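In: Got a sequence here, can you build the structure:
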Amino acid sequence: MTTEREAAELWCPFARVAVESHVGVVAAVNRVPEAMEDSDHADMLTCRGSLCMAWRWHTKKSGGVVETTDGLPSGYCGLAGERGAPYWDLTVP
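Out: Below is the predicted model:
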């Protein structure tokens, strides 16, 4: 289970930020060069939690949101899936 606070520290593979090169070319990237890691750009590439339309809350069958042991609501990325969720085993003959 992931809280929004934990998610905010995770890199989002779907986020993009415009970066200008030394020759003036602008590109949309989802990783920033080491020289820019301390810039605002790096912060824009982390999970936005419930601010993102793909965010999904863990819900109980009886209704309501599942809470962590800290009492915080938990969720996950609806595009990338839950952390630790099983994946399709493509090696099966």
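In: Only C-alpha atoms from now on, for both contacts and neighbour counts.
Out: OK.
In: Report the contact partners of the closest residue to residue 60 other than its chain neighbours.
Out: Leaving aside its chain neighbours, residue 60 sits nearest to residue 66 (6.1 Å; criterion: C-alpha to C-alpha, 6 or more residues apart in numbering). For residue 66, the contacting residues are 57-60, 73-74, by C-alpha atoms under 8 Å, 6 or more residues apart in numbering.
In: Low-confidence ranges, the chain, go.
Out: 1, 32-42, 83-93 (pLDDT under 70).
In: And the strands in it?
Out: 17-20, 26-29, 55-57, 75-77 (DSSP state E).
In: Neighbouring strands of the third one in the sheet, and parallel or not?
Out: Sheet pairing for strand 55-57, assigned by DSSP bridges, gives strand 75-77 (antiparallel).
In: Now tell me what touches the partner strand from outside.
Out: 1-4, 49, 54-58, 82-83.
In: roughly how far is it from the heart of the chain?
Out: Relative to its chain's centre, strand 75-77 lies at 8 Å (C-alpha atoms, centre = their mean, to the nearest Å).
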